[in-house]
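Student: Let's see this in three dimensions:
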Amino acid sequence: MHVVATAGHVDHGKSTLVRALTGMEPDRLDEERRRGLTIELGYAWTSLPSGEPLAFVDVPGHERFLGTMLAGVGPVPAVVFVVAADEGWMPQSEEHLVALEALGVRHCLLVVTRSDLADPGPAIERSRARLDEALGKPGGGVAAVAVSGRTGQGLDELRRALDRLVAGLPRPDPGAAVRLWIDRTFSVTGSGTVVTGTLPAGTVSVGDELLLDGEPVRVRGLESLKRARDTVSGVARVAVNLRGHDLPWRGQALVTPGGWTYTESVDVRVASVGKQPQEDPGLPRRLTVHVGSAAVTAEARHLGGRFVRLRLDRPVPLHLGDVLLLRDPGRDRSEVRVLAGAAVLDVRPRALRGRGAGRERAAQLEKALPKPDPAGLDAAFALRVHRLLRAADLRAMGAAPEVPGVAGEWHADPDYWEESRRRLGEAARRYAERNPLEPAMPVEA
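Tutor: Modelled structure (predicted):
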């Protein structure tokens with residue numbers, strides 16, 4: 001299965017488009033249908049011309065529901081960006097694009113709707129240029145389709161374009177550690193607690209034991225696209241029936257035991273988004289961190305350069321390389337409230353003590369980052385930062401080691417290990433010189 005989310009300004013026809021493509025109603029609430037305004041996440045699915053199943057997560061476009069939009073977009077690999085031909089690029093188009101840039105979403109299809117009401121050419125030209133610029137695809141990398149959800153014009157071409165979009169998505173690892181961000185919860189009489197979410201990778205099976213906020217839960221049943229399944233692998237929309245647990249909430253996650261690090265403290269490298277300058281973005285002390293479907297209040301401490309330590313208000317399961325969105329919840333609504341994106345560099349940072357400790361930490365992280373591409377955060381990077389780690393800790397960081405440890409379960413940074421060998425030899429030699437009558441250096445020394 002493939003899963004994409006919608007994005008775009010309010011009232012540009014996102015839900016109408018999903019309805020026309022799938023024949024399903026994405027607006028689940030009576031209030032949404034009465035007001036003609038999406039305020040919650042909606043879900044629908046269809047089959048593409050290739051036969052591939054495609055599920056949609058339909059998000060609100062109004063600025064008041066940016067947090068809900070982020071919860072829907074956070075776990076998905078691609079978006080359908082919707083712009084109306086008769087209105088063109090609008091303020092919420094820009095805010096949604098900045099959010100996608102911060103989240104690292106790079107797979108996108110531009111759909112210009114209401115093409116029966118106006119010439120779609122100008123909207124396509126301006127919107128594509130802005131998307132190419134922000135998503136790192138200069139020279140027309142983002143495909144565009146003009147449609148009308150009311151008349152059906154362009155829908156067949158759109159289905160073919162969606163086929164091309166999903167064919168180019170990276171294939172997820174079915175053996176990866178599971179992290180299913182919850183975006184909806186409810187109870188079913190006779191079955192109990194049910195949670196839904198987008199599974200980006202890994203495999204969930206009936207009978208599996210997963211962790212929910214660190215507490216074990218059992219998978220009692222599974223559904224995907226309203227069909228009961230014994231096993232589901234990502235990418236997929238999935239509903240999980242949990243045994244013996246109170247009703248969770250959006251923003252919690254079901255994870256593989258031992259596969260993730262629950263952390264309240266992370267060191268990150270901040271990346272500017274939108275039209276912000278590339279220098280230090282000047283983050284406020286208190287901000288909101290978005291990852292997956294979670295929104296967590298955090299305190300930011302600037303370390304130096306673009307390196308920041310975030311102290312989260314509650315533990316969140318994270319890996320090295322996870323992308324966070326940093327947002328100012330108290331900013332005036334007339335402004336873009338997405339501050340920056342941030343890549344997680346350390347999920348187990350040591351406490352900072354003493355004057356200048358932040359600058360020293362920033363320098364250490366800068367030196368440890370792989371050059372020239374800082375995206376590949378693996379076991380080698382984690383060991384450059386920590387020097388010594390157990391294999392289980394590396395797996396929980398998302399950096400499973402590929403070579404045997406230096407001593408049992410312990411892994412070491414090669415440079416640090418060689419330095420330790422040299423220092424040990426020198427220490428033994430000095431001890432022998434000071435204690436010539438002793439046969440060897442005792443273990444305690």
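Student: Tell me where the stretch 201-350 of the chain has strands.
Tutor: 203-205, 209-212, 215-224, 227-229, 231-233, 236-243, 253-255, 261-271, 286-291, 294-304, 307-318, 323-327, 338-346 (DSSP state E, counting those that start in this stretch).
Student: Mind telling me what element the closest residue to residue 441 other than its chain neighbours is part of?
Tutor: Leaving aside its sequence neighbours, residue 441 sits nearest to residue 431 (Cβ to Cβ, 6 or more residues apart in numbering; 4.5 Å). All C-beta spots, glycine's among them, are computed from the backbone N, C-alpha and C. Using DSSP states H and E, residue 431 sits within helix 414-434.
Student: Now that helix: buried residues?
Tutor: Going by neighbour count (16 or more other Cβ atoms under 10 Å), the buried part of helix 414-434 is residue 417.
Student: How about residues contacting that helix?
Tutor: 383-384, 387-388, 406, 412, 438, 441, 445 (Cβ atoms under 8 Å, 6 or more residues apart in numbering).
Student: of these, buried ones?
Tutor: 383-384, 388, 412.
Student: Can you tell me which of those residues is nearest residue 115?
Tutor: The shortest gap between residue 115 and any of the buried ones among the contacts of helix 414-434 belongs to residue 384, at 52.5 Å (Cβ to Cβ).
Student: Go ahead and confirm the closest one touches residue 370.
Tutor: No - the criterion here is Cβ atoms under 8 Å, and residue 384 misses it with residue 370 at 9.1 Å.
Student: helix, strand or coil for residue 384?
Tutor: helix (DSSP: H, G, I helix; E, B strand; the rest coil).
Student: Looking at the strands of the stretch 201-350 of the chain, spot the one closest to residue 185.
Tutor: Closest to residue 185 of the strands of the stretch 201-350 of the chain, according to Cβ to Cβ: strand 236-243, at 9.5 Å.
Student: Parallel or antiparallel, which strands does the closest one pair with?
Tutor: strand 192-199 (antiparallel), strand 215-224 (antiparallel) (DSSP bridges).
Student: Can I get the last one in PDB, CA atoms only?
Tutor: Listed next in PDB are the C-alpha coordinates belonging to strand 215-224 (Å, rounded to 0.1, in the frame of the first residue of the first chain):
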ATOM      1  CA  GLU A 215       4.200   0.100  28.900                       C
ATOM      2  CA  PRO A 216       3.700  -3.300  27.100                       C
ATOM      3  CA  VAL A 217       0.500  -3.800  25.100                       C
ATOM      4  CA  ARG A 218      -0.700  -6.800  23.100                       C
ATOM      5  CA  VAL A 219      -2.000  -6.500  19.500                       C
ATOM      6  CA  ARG A 220      -5.400  -8.200  19.700                       C
ATOM      7  CA  GLY A 221      -6.500  -7.500  16.100                       C
ATOM      8  CA  LEU A 222      -5.500  -5.600  12.900                       C
ATOM      9  CA  GLU A 223      -7.400  -3.900  10.100                       C
ATOM     10  CA  SER A 224      -6.100  -2.100   7.000                       C
END
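Student: Could you tell me which residues within it count as buried?
Tutor: The neighbour-count check on strand 215-224 (16+ other Cβ under 10 Å) flags 217, 219-224 as buried.
Student: for that strand, the distance to its chain's centre please.
Tutor: 22 Å (Cα atoms, centre = their mean, to the nearest Å).
Student: Surely residue 135 and residue 106 touch.
Tutor: Yes - counting by Cβ under 8 Å, residue 135 sits close enough to residue 106 to count as a contact (5.4 Å).
Student: Compare these two (neighbour count), which wins?
Tutor: A direct count of neighbours by other Cβ atoms under 10 Å for residue 135 and residue 106 places residue 135 higher, at 20 against 16.
Student: Looking at per-residue confidence, what score does the more buried one get?
Tutor: On pLDDT, residue 135 comes in at 82.
Student: Tell me which residues touch it, please.
Tutor: 97, 100-101, 105-106, 108, 141-142.
Student: These in helices, which ones?
Tutor: 97, 100-101 (DSSP state H).
Student: Give the pairing partners of the helix or strand harbouring residue 145; include direction for each.
Tutor: Residue 145 is part of strand 143-146 when elements are defined by DSSP H and E. Neighbouring strands of strand 143-146 in its sheet, by DSSP bridges, are strand 107-113 (parallel).
Student: Measure how far the following helix or strand past the strand it pairs with is from the centre of its chain, please.
Tutor: Later in the chain than strand 107-113, the nearest helix or strand by DSSP H and E is helix 121-134. Remark: helix 121-134 is offset 25 Å from the chain centroid, using Cα atoms, centre = their mean.
Student: Quick one: list the elements packing against helix 121-134.
Tutor: Using 3 or more Cβ pairs under 8 Å, 6 or more residues apart in numbering; DSSP states H and E, the elements in contact with helix 121-134 are strand 78-84, helix 91-103, strand 107-113, strand 143-146.
Student: which residues sit against the shortest one?
Tutor: Spelled out, it's strand 143-146. Strand 143-146 has contacts (Cβ under 8 Å, 6+ apart) with 85, 109-112, 115, 120, 124, 127-128, 153-154, 157-158, 161, 164-165.
Student: With adjacent residues omitted, what lies nearest to residue 321?
Tutor: residue 377 (4.3 Å).
Student: so who does the one you found touch?
Tutor: Residue 377 sits in contact with 320-321, 343, 345, 370, 399, where contact means Cβ under 8 Å, 6+ apart.
Student: For the stretch 101-250 of the chain, which residues score under the pLDDT cut-off?
Tutor: 136-140, 244-245 (pLDDT under 70).
Student: Of the ones in helices among the contacts of residue 135, which is the nearest to residue 358?
Tutor: Checking the ones in helices among the contacts of residue 135 against residue 358 with Cβ to Cβ, the nearest one is residue 101 at 27.0 Å.
Student: Pull up the gap between the closest one and residue 132, please.
Tutor: Look at residue 101 and residue 132: by Cβ to Cβ, to the nearest Å, they are 12 Å apart.
Student: on that earlier part again, name the nearest of the ones in helices among the contacts of residue 135 relative to residue 249.
Tutor: Looking across the ones in helices among the contacts of residue 135 and measuring by Cβ to Cβ, the closest to residue 249 is residue 100, at 24.8 Å.
Student: I'd like to know how many residues surround the closest one.
Tutor: Residue 100: 26 neighbours (other Cβ under 10 Å).
Student: Pretty sure residue 161 sits against residue 109.
Tutor: Yes - counting by Cβ under 8 Å, residue 109 is a contact partner of residue 161 at 5.8 Å.
Student: quick one on the thing from earlier: can I get the strands of the stretch 201-350 of the chain in JSON lines with distance to residue 73?
Tutor: Converted to JSON lines, the strands of the stretch 201-350 of the chain look like this (distance: least, Cβ to Cβ, whole Å):
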{"stretch": "strand 203-205", "distance to residue 73": "22"}
{"stretch": "strand 209-212", "distance to residue 73": "23"}
{"stretch": "strand 215-224", "distance to residue 73": "20"}
{"stretch": "strand 227-229", "distance to residue 73": "25"}
{"stretch": "strand 231-233", "distance to residue 73": "21"}
{"stretch": "strand 236-243", "distance to residue 73": "14"}
{"stretch": "strand 253-255", "distance to residue 73": "16"}
{"stretch": "strand 261-271", "distance to residue 73": "17"}
{"stretch": "strand 286-291", "distance to residue 73": "9"}
{"stretch": "strand 294-304", "distance to residue 73": "13"}
{"stretch": "strand 307-318", "distance to residue 73": "17"}
{"stretch": "strand 323-327", "distance to residue 73": "9"}
{"stretch": "strand 338-346", "distance to residue 73": "12"}
